[in-house]
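Trainee: Fold the following for me, if possible:
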Amino acid sequence: MATEPSACLIRHGETEFSIARRYNGVTDAPLTRHGEEVAVRLRPVLSRANWGLVLCSPLQRARRTAELSGFPDPEIVAELRECDYGEIEGLTTEEISERWPGWDFWRDGSPGGETANDVATRVAPVIARLREHPGRALVFSHSHTLRIITARWLDLQAKLAAIFALEPARISEVGTHRGHPILICWNDSTGATLEEVR
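Mentor: Numbers count the residues shown, from 1 in each chain. Now for the predicted structure:
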């Protein structure tokens with residue numbers, strides 16, 4: 001019997017940007033030492049499953065997370081990069097609100113950068129590929145990108161990705177049940193759902 005498509009989504013480990021809660025899109029920030037340690041802890045968790053496809057953002061924080069968690073040679077997919085935050089790159093929400101009162105990424109997008117819909121358009125071919133893959137796929141990427149992939153997998157508008165808060169080096173999985181898109185787990189640190197045979 002064919003396995004229905006699913007995708008395990010891994011946000012990269014901690015960086016100095018994520019510690020400070022600063023928007024980090026195109027800046028190619030490295031993992032912190034703690035970020036590397038937590039990425040290593042993903043290895044035994046992710047080894048519980050067989051992955052037919054492993055995809056990764058080209059940014060070093062995602063590539064290093066993949067490497068340390070046991071996947072040194074993922075397929076690099078440019079569309080999995082993080083959102084281009086334009087003028088808000090490196091700023092906190094508080095700093096952004098001082099310049100643009102009432103600003104909300106999910107509604108307004110990034111001044112001089114991408115909107116949620118822009119990212120949804122960019123990742124649409126990746127989602128199509130994941131849905132066509134006959135089995136489990138593993139994806140290493142970034143917070144906003146993974147949240148938007150999740151929303152679109154579930155046939156939700158890109159702006160509704162706002163409901164999916166995601167911390168560094170956490171495991172989430174979307175899948176398919178009887179032809180319908182489902183959310184299997186979200187923001188998990190244990191990998192309890194990653195048994196080889198579901």
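Trainee: can you map out the strands along the protein?
Mentor: Secondary structure of the chain (DSSP state E): strands at 6-11, 53-56, 75-76, 136-141, 171-177, 180-188.
Trainee: Which neighbours in the sheet does the fourth one have, and how are they oriented?
Mentor: Put plainly, it is strand 136-141. Using DSSP bridges, the strands paired with strand 136-141 are strand 6-11 (parallel), strand 53-56 (parallel).
Trainee: Can I get the strands of the chain in CSV including distance to residue 149 and mean pLDDT?
Mentor: Where you see a C-beta, it was placed from the backbone N, CA and C, and this is true even at glycine. Output for the strands of the chain, formatted as CSV (distance: least, C-beta to C-beta, whole Å; pLDDT from 0 to 100):
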stretch, distance to residue 149, mean pLDDT
strand 6-11, 7, 97
strand 53-56, 11, 98
strand 75-76, 16, 98
strand 136-141, 7, 97
strand 171-177, 8, 95
strand 180-188, 11, 95
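Trainee: Show me the shaky parts of this protein.
Mentor: 1-2, 191-198 (pLDDT under 70).
Trainee: So what angle separates the directions of the helix ranked longest in the chain and strand 136-141?
Mentor: The longest helix of the chain (DSSP state H) is helix 116-132. Counting by axes from the mean of the first three to the mean of the last three C-alpha atoms, to 10 degrees, helix 116-132 lies at 150 degrees to strand 136-141.
Trainee: Residues touching helix 116-132, excluding its own?
Mentor: 5, 7, 53, 55, 77, 79-80, 83, 105-106, 109, 114, 137, 139, 144-145, 148-149, 151-153, 158-159, 161, 176 (C-beta atoms under 8 Å, 6 or more residues apart in numbering).
Trainee: repeat for stretch 168-185
Mentor: 4-15, 18, 35, 38-39, 41-42, 45-46, 65, 131, 146, 149-150, 153-155, 164, 166, 186-194.
Trainee: Whichever of those residues end up buried, select them in PyMOL.
Mentor: Applying 16 or more other C-beta atoms under 10 Å to the contacts of stretch 168-185 leaves a buried subset, and the PyMOL line that selects it is:
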select buried, resi 4+5+6+7+8+9+10+11+12+13+14+15+18+35+38+39+42+45+46+65+131+146+149+150+153+164+166+186+191+193+194
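Trainee: among the contacts of stretch 168-185, which are in helices?
Mentor: Reading helices off the contacts of stretch 168-185 with DSSP H, I get 18, 35, 38-39, 41-42, 45-46, 65, 131, 146, 149-150, 153.
Trainee: distance of the residue at minimal distance from the centre of the chain from residue 87?
Mentor: When C-alpha atoms, centre = their mean is applied to the chain, the residue found nearest the centroid is residue 146 (3.0 Å). Distance, residue 146 to residue 87, using C-beta to C-beta, to the nearest Å: 23 Å.
Trainee: and if you look at residue 33?
Mentor: 30 Å.
Trainee: This completes my enquiry, with thanks.
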